[in-house]
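A.B. asks: Coordinates only, no sequence provided:
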């Protein structure tokens with residue numbers, strides 16, 4: 001019979017990837033005998049094109065598809081297993097090999113005698129009537145969600161709302177010192193709040209603890225693991241990682257980088273919100289990750305006509321009330337240097353010099369380090385009085401301003417994703433931006449500026465004002481496939497693969513130090529023999 005934990009690992013693979021027809025439990029020794037050129041360590045779960053012996057578990061979800069019957073639960077013959085495996089391959093289904101060490105194989109199968117591949121097969125279907133796995137219980141480090149709303153918080157809110165409606169997800173526990181639930185999530189089913197002391201003292205046990213934003217010095221993975229079986233982290237960008245001016249000192253910057261590196265290496269799963277970010281993570285932390293980075297685009301469909309047309313205009317902050325019925329351009333976002341608000345001011349001055357008569361509104365929260373606030377008006381020249389600046393805005397205020405603006409200026413030069421062009425397009429407003437990194441990735445066919453040159457950017461803004469509908473349509477077309485449903489589909493697939501103590505990727509960390517000593521010795525001997533044979537051939541051929 002198949003050892004129980006191997007059944008659990010197989011079920012986790014089936015739950016995450018229903019197109020996998022079978023999982024074969026294969027000792028390392030068999031791999032070496034079958035393919036001596038392979039080298040350990042192998043990933044815990046390998047994608048395969050065929051089923052393998054000596055032990056095989058079939059996915060009950062595909063039983064009807066491959067013609068499996070109830071009799072196949074009763075130790076079928078090797079030929080019958082071959083028929084089922086062939087039927088699965090014919091249907092385009094895939095297989096997986098669960099690689100276990102020779103020691104693990106011997107310990108869990110004390111009566112099993114290692115034999116050549118294909119010598120004997122043990123088939124153990126999970127049962128044609130097997131119940132679906134229980135819903136995942138997920139904890140969210142919510143300490144950062146309880147402040148004002150930013151683009152990153154919008155991502156988490158939308159993700160959790162969508163997750164709460166999924167059958168695969170059970171409890172969603174927001175963990176913080178206060179134990180509160182953000183107003184944006186109040187009343188959402190399955191979502192509860194809990195303080196960290198309560199979670200730790202009540203011996204709360206969750207399947208997964210997800211930190212859906214940057215890791216840092218205060219990220220305590222030991223605390224996460226004390227209440228959850230697996231830990232996931234989402235990386236939004238490398239902005240603070242790369243920029244020392246966003247920290248109070250060089251020492252603080254280095255501490256942030258060290259903490260970031262450590263948490264990325266120790267997490268069971270790392271998510272990225274764009275391939276632009278994910279590919280860098282994969283390069284920078286290659287061979288030190290517990291699992292391949294999952295790059296999952298955010299959704300862009302969270303603004304709807306109902307949420308946009310909210311009736312009367314919201315009350316604006318005092319510094320913006322003079323906008324009245326004036327035409328204006330809009331810059332949204334905090335005043336970090338990479339948002340280039342100072343560049344937007346210079347673009348505005350160039351437009352005014354060419355005859356633009358409107359105003360420039362800049363709104364977003366102020367930062368203590370890395371801010372452009374004190375110097376960003378220096379480039380306004382005689383038009384400084386037409387620049388209106390405000391702090392943090394509510395969602396209704398931002399939507400109202402985006403809908404009223406002629407163009408949203410988004411001259412950012414460093415992003416992890418970039419939601420603003422999508423939000424503005426839903427509101428019927430074009431956005432001026434430079435196509436780079438994630439913006440080029442998500443909007444490859446949208447006409448954008450190709451440089452941060454003041455004159456080129458101001459010319460682009462003029463083009464957007466002359467034909468806003470064309471540019472809005474381009475962004476909306478790019479957004480059609482970017483839904484929160486799709487985002488959560490991909491995220492749940494990844495989270496399901498983390499279920500259980502022996503989840504396929506969790507063993508990767510234990511293998512990170514390389515193959516066992518015996519394996520390394522054998523490989524060294526093989527390499528020595530290969531070189532010796534080469535020298536001998538060269539001597540003979542002289």
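C.D. replies: Sure thing, it's come through. Please read these numbers as outputs of a predicted model, since none were measured by experiment.

A.B. asks: Now find how far off-centre stretch 6-19 is within its chain.
C.D. replies: Relative to the centre of its chain, stretch 6-19 is centred 21 Å away, using Cα atoms, centre = their mean, to the nearest Å.

A.B. asks: Next: stretch 450-458.
C.D. replies: Relative to the mean C-alpha coordinate of its chain, stretch 450-458 is positioned 32 Å out (Cα atoms, centre = their mean).

A.B. asks: Tell me the buried residues in that stretch?
C.D. replies: 454, 457-458 (16 or more other Cβ atoms under 10 Å). For the C-beta atoms, the positions are set from N, CA and C on the backbone; glycine is no exception.

A.B. asks: can you list the residues that contact it?
C.D. replies: Stretch 450-458 has contacts (Cβ atoms under 8 Å, 6 or more residues apart in numbering) with 340, 343, 346-347, 350-351, 354, 411, 413, 432, 434-435, 449.

A.B. asks: ok, the residues you listed vs residue 19, which is closest?
C.D. replies: residue 435 (35.3 Å; Cβ to Cβ).

A.B. asks: mind checking how far that closest one is from residue 70?
C.D. replies: Separation of residue 435 from residue 70 (Cβ to Cβ, to the nearest Å): 58 Å.

A.B. asks: Looking at the two, which one has more neighbours?
C.D. replies: Neighbours were counted for residue 435 and for residue 70 using other Cβ atoms under 10 Å; residue 435 has more, 15 against 11.

A.B. asks: can you confirm residue 415 is in a strand?
C.D. replies: No. Assigned with DSSP: H, G, I helix; E, B strand; the rest coil, residue 415 falls outside any strand and is coil.

A.B. asks: before we move on, back to that, any idea which of the contacts of stretch 450-458 has the most stuff around it?
C.D. replies: With neighbours taken as other Cβ under 10 Å, the top of the contacts of stretch 450-458 is residue 347, carrying 29 neighbours.

A.B. asks: tell me the SS of that residue?
C.D. replies: When classified by three-state DSSP, residue 347 comes out as helix.

A.B. asks: Look up the pLDDT of it for me, please.
C.D. replies: Confidence at residue 347, expressed as pLDDT, is 95.

A.B. asks: show me the contacts for residue 20.
C.D. replies: 13-14, 59, 93-96 are the contacts of residue 20 under Cβ under 8 Å, 6+ apart.

A.B. asks: Among those residues, list the two that are farthest apart in space.
C.D. replies: 13 and 93 (12.7 Å).

A.B. asks: Quick one: low-confidence residue ranges for the stretch 351-500 of the chain.
C.D. replies: Across the stretch 351-500 of the chain, the ranges flagged by pLDDT under 70 are 500.

A.B. asks: do that again at 90, thanks
C.D. replies: Low-confidence segments of the stretch 351-500 of the chain, defined by pLDDT under 90: 364-380, 390-400, 414-416, 418-419, 481, 493, 496-500.

A.B. asks: All the helices of it, residue numbers only.
C.D. replies: Remark: helices assigned in the stretch 351-500 of the chain by DSSP state H, counting those that start in this stretch are 395-404, 420-426, 437-442, 454-466, 468-479, 484-496.

A.B. asks: Which one, of these, ends up nearest to residue 382?
C.D. replies: helix 454-466 (16.3 Å).

A.B. asks: what's the offset of that closest one from the middle of its chain?
C.D. replies: From the chain centre to the centre of helix 454-466 is a distance of 34 Å (Cα atoms, centre = their mean).

A.B. asks: Tell me what angle that helix forms with helix 468-479.
C.D. replies: Here the directions of helix 454-466 and helix 468-479 differ by 100 degrees (axes from the mean of the first three to the mean of the last three Cα atoms, to 10 degrees).

A.B. asks: pLDDT averaged over the host helix or strand of residue 264 - what is it?
C.D. replies: Take DSSP states H and E as the rule and residue 264 turns out to sit in helix 250-266. In this model, helix 250-266 has a mean pLDDT of 93.

A.B. asks: returning to what we had before: among the contacts of stretch 450-458, which one sits closest to residue 287?
C.D. replies: The closest of the contacts of stretch 450-458, once distances to residue 287 are taken by Cβ to Cβ, is residue 413, at 30.6 Å.

A.B. asks: how far away is residue 402 from residue 457?
C.D. replies: Distance, residue 402 to residue 457, using Cβ to Cβ: 19 Å.

A.B. asks: quick one: stretch 218-232 to chain centroid distance?
C.D. replies: Relative to its chain's centre, stretch 218-232 lies at 18 Å (Cα atoms, centre = their mean).

A.B. asks: average pLDDT for that stretch?
C.D. replies: Mean predicted lDDT for stretch 218-232 stands at 91.

A.B. asks: Pull out the buried residues from that stretch.
C.D. replies: By 16+ other Cβ under 10 Å, the buried positions in stretch 218-232 come out as 219, 221, 224, 227-232.

A.B. asks: quick one: which of those sit in strands?
C.D. replies: Members of those lying in strands (criterion: DSSP state E): 228-232.

A.B. asks: what's the farthest-apart pair in the residues you listed?
C.D. replies: Within those, 229 and 232 form the most distant pair, 11.2 Å apart (Cβ to Cβ).

A.B. asks: quick one: common contacting residues for those two?
C.D. replies: 208, 498.

A.B. asks: Show me where the stretch 151-300 of the chain has its strands.
C.D. replies: 169-176, 191-195, 206-211, 228-235, 269-272, 294-295 (DSSP state E, counting those that start in this stretch).

A.B. asks: now those in JSON lines, with distance to residue 493?
C.D. replies: Shown next, in JSON lines, are these (distance: least, Cβ to Cβ, whole Å):
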{"stretch": "strand 169-176", "distance to residue 493": "12"}
{"stretch": "strand 191-195", "distance to residue 493": "21"}
{"stretch": "strand 206-211", "distance to residue 493": "13"}
{"stretch": "strand 228-235", "distance to residue 493": "12"}
{"stretch": "strand 269-272", "distance to residue 493": "11"}
{"stretch": "strand 294-295", "distance to residue 493": "9"}
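
A.B. asks: among these, which is nearest residue 385?
C.D. replies: strand 228-235 (41.3 Å).

A.B. asks: what lines up beside the closest one in the sheet?
C.D. replies: Here strand 228-235 has these sheet partners by DSSP bridges: strand 206-211 (parallel), strand 269-272 (parallel).
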